[in-house]
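# Below is the sequence, then the predicted model.
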Amino acid sequence: MPELPEVEILVRGLNRSLPGRRILSVRLGKTDFMDNPAAIERELPGLKIAGVARRGKYIVLGLRLGAADGDGAGADSALVVHLGMTGHLSARPAGEPPAAHTHAQFALDDGRELRYTDPRRFGRILWLAQEALPAFRNEIGIEPLTTSESAFSARIAGRHAGIKALLLNQRVLGGLGNIYTDESLWRARIHPQRLASRLKRAEMRALWRAIRRVLEAAIRSGGSTVSDYRNADGQPGWFQLRHRVYQREGKPCFRCRSNIRRIVVAGRSSHFCPQCQRAPRKRRFRGPTS
DNA sequence: CGTTGAACCTGTTTGC
DNA sequence: TGCAAACAGGTTCAAC
């Protein structure tokens, strides 16, 4: 469910009610997707949630030992959550029966429980001490919404790799997934199989602008709900109604009415307009020619 | 460096 | 109707 816009909307929602709450106790279910479940059970009880932030697709709950109320700055440690494909995080009344596949429950001091639910368990949960936070943040690439175009170019230009693979690489750019990669490439009129090193300067600029505009528009629409995404209040997003290519195979392009196609690029379903997004001359990895 | 395919796990949709 | 295959918002790792 989760790419940058969905995580951002969720983080904003969590930030409306979590800061200042204290974690009373922890209950874990299946823990095979957690880095160190014992540390989570040991460290979290008694800590206060200072604030909720986002880094790429990760949710970072800043935790603090002290009694001083928080503005989110200066956390002593953090609970870091990645939603994978099907993860959900929400605060529910403690008396409410947990949804199926709820694997973590954090009892709060206001009668609610912060619950993590994830049928496929492709998500990730870890606890990081303050000293480990900078290294964690550095593993993730630039933030699309708060970084300059020149920083983006520096990370992309000249690299001998497919542009789709680069945009999906979280060490290059933090937050883009399959939906927003396809949507951005369509807006920039760049074929997903193009090589980054072959992009012209104008194309790089168009791509950067497309990424930012798509992400900002998606956030304004509350994110995309393709199947089961819900925000902190349990509400779906609406940006899926504005998708131009994602899951629109065989439907007409919004610009030229050509039929949208779907091929596999970088191991992922990739949707594009064959007319607006011209294929590179030398197609990579073709079968024998006839 | 780069690419591909498989693996991780469950649920839903599609096809025969 | 029933069962199998395909597919899914993500990441990681082995192999080449």
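Okay, I see it. Numbers count the residues shown, from 1 in each chain, chains lettered A, B, ... in the order given.
# need the residues of the stretch 51-200 of chain A near DNA strand B, please.
Residues of the stretch 51-200 of chain A found near DNA strand B (C-beta under 7 Å from any atom of the strand) are A:100-101, A:119-122, A:159-162, A:165, A:195. All C-beta atoms are positioned from the backbone trio N, CA, C, and that covers glycine.
# Secondary structure element holding residue A:39?
For residue A:39, the element it lies in under DSSP states H and E is helix A:37-43.
# My error: substitute residue A:26 in the last question.
Short version, using DSSP H and E: residue A:26 is in strand A:23-28.
# Quickly run through the sheet partners of that strand, with directions.
strand A:102-108 (antiparallel) (DSSP bridges).
# next SSE after the strand it pairs with?
Following strand A:102-108 toward the C-terminus (DSSP H and E): strand A:112-117.
# Residue A:275 should be in a strand, yeah?
No. If the criterion is DSSP: H, G, I helix; E, B strand; the rest coil, then residue A:275 is coil and not within a strand.
# Phi, psi for it please.
phi -90, psi -50 (degrees, to the nearest 10).
# Now the stretch 51-200 of chain A against DNA strand C: closest residue?
residue A:177 (1.8 Å; C-beta to the nearest atom of the strand).
# Run a quick neighbour tally on residue A:227.
Counted with other C-beta atoms under 10 Å, residues neighbouring residue A:227 total 10.
# how much space between it and residue A:210?
Per C-beta to C-beta, to the nearest Å, residue A:227 is found 25 Å from residue A:210.
# and what of residue A:47?
41 Å.
# what's the answer for residue A:148, then?
Distance of residue A:148 to residue A:210, computed by C-beta to C-beta: 16 Å.
# In contact with the closest residue to residue A:169 other than its chain neighbours: list those residues for me.
In space, and not counting its chain neighbours, residue A:169 is closest to residue A:141: 7.2 Å by C-beta to C-beta, 6 or more residues apart in numbering. Residues in contact with residue A:141 (C-beta atoms under 8 Å, 6 or more residues apart in numbering) are A:56, A:155, A:169-174.
# Equivalent analysis for residue A:65, please.
Per C-beta under 8 Å, 6+ apart, neighbours of residue A:65: A:46-48, A:76.
# Just give the number of residues close to residue A:93.
9.
# Can you name the residue of the stretch 1-150 of chain A nearest to DNA strand B?
For the stretch 1-150 of chain A, C-beta to the nearest atom of the strand, closest residue to DNA strand B: residue A:120, 3.3 Å.
# Cool, thanks, signing off.
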